[in-house]
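Visitor: Here is a sequence together with a model predicted from it:
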Amino acid sequence: MGIFDTTCTDIFFPMKCEVYYANEDQDKYGKIVKNWSLGNTLDCALYTPSDKKNDEFAFEDQKFFKLDQILVGRTKQDPRKSDVESYYPMSHILITNIKSDGCNDELLFFESTETYEKKATIYELRTCQPYVGAFSTIEYFKLVLVRSDIQELNENVEC
């Protein structure tokens, strides 16, 4: 198995991720509650940019930096479109279980805190833009993902 063996993975989309969509209900007091369900599994390529933002909090000899947990990348399919051909707003989409595709089915982004140790990190979709190629066709969708405050999909989220 060489470096260019494509039986295990796609060179342009070497990962897979799961997309969860929210359905809204109201509780007995009228509060909106989001219930999450698995919609799609997409081919993707995601990476972490090296982005340090100055937190503007400094001592004489040392600065503190704020590191945003952001992923940037692309997918073949539009993540806003569910498997039943309906579109969801970005506020109703979570992406998780980002794994290498093919022979090595390894979880790439996971939590390290006691509560969620070794569980897949859950990301919110911040940006989704189609990339239109030279022949006026969409070649892929550019994504920006941000770590979500929600790290349990089985919990109902109250808005």
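Guide: That came through fine. Numbers count the residues shown, from 1 in each chain.
Visitor: A helix includes Ser91, no?
Guide: Yes. With DSSP: H, G, I helix; E, B strand; the rest coil as the criterion, Ser91 is part of a helix.
Visitor: OK, contacts around Glu111?
Guide: Listed by C-beta atoms under 8 Å, 6 or more residues apart in numbering, the contact partners of Glu111 are Glu117, Lys118, Lys119, Ala120, Thr121, Gln151. The way it works is simple: take the backbone N, C-alpha and C, and place the C-beta from them, glycine included.
Visitor: Adding neighbour count, write the residues you listed out as JSON lines.
Guide: Converted to JSON lines, those look like this (neighbours: other C-beta atoms under 10 Å):
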{"residue": "Glu117", "neighbour count": "9"}
{"residue": "Lys118", "neighbour count": "8"}
{"residue": "Lys119", "neighbour count": "17"}
{"residue": "Ala120", "neighbour count": "20"}
{"residue": "Thr121", "neighbour count": "21"}
{"residue": "Gln151", "neighbour count": "16"}
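Visitor: Nearest to Ser91, out of the residues you listed: which one, please.
Guide: Gln151 (17.2 Å; C-beta to C-beta).
Visitor: quick one, what contacts the closest one?
Guide: Taking C-beta under 8 Å, 6+ apart as the test, what Gln151 contacts is Glu111, Thr115, Tyr116, Lys119, Thr121, Ile122.
Visitor: any idea how far the first one is from Glu85?
Guide: To tie it back to what came earlier, the one meant is Glu111. 33 Å (C-beta to C-beta, to the nearest Å).
Visitor: same question, the fourth one
Guide: Relative to Glu85, Lys119 is positioned 30 Å away (C-beta to C-beta).
Visitor: Low-confidence stretches in the chain?
Guide: Along the chain, segments meeting pLDDT under 70 span 1-9, 50-68, 103, 154-159.
Visitor: so where do the strands sit in the protein?
Guide: 15-26, 32-47, 53-58, 63-66, 70-75, 93-100, 123-132, 138-147, 157-158 (DSSP state E).
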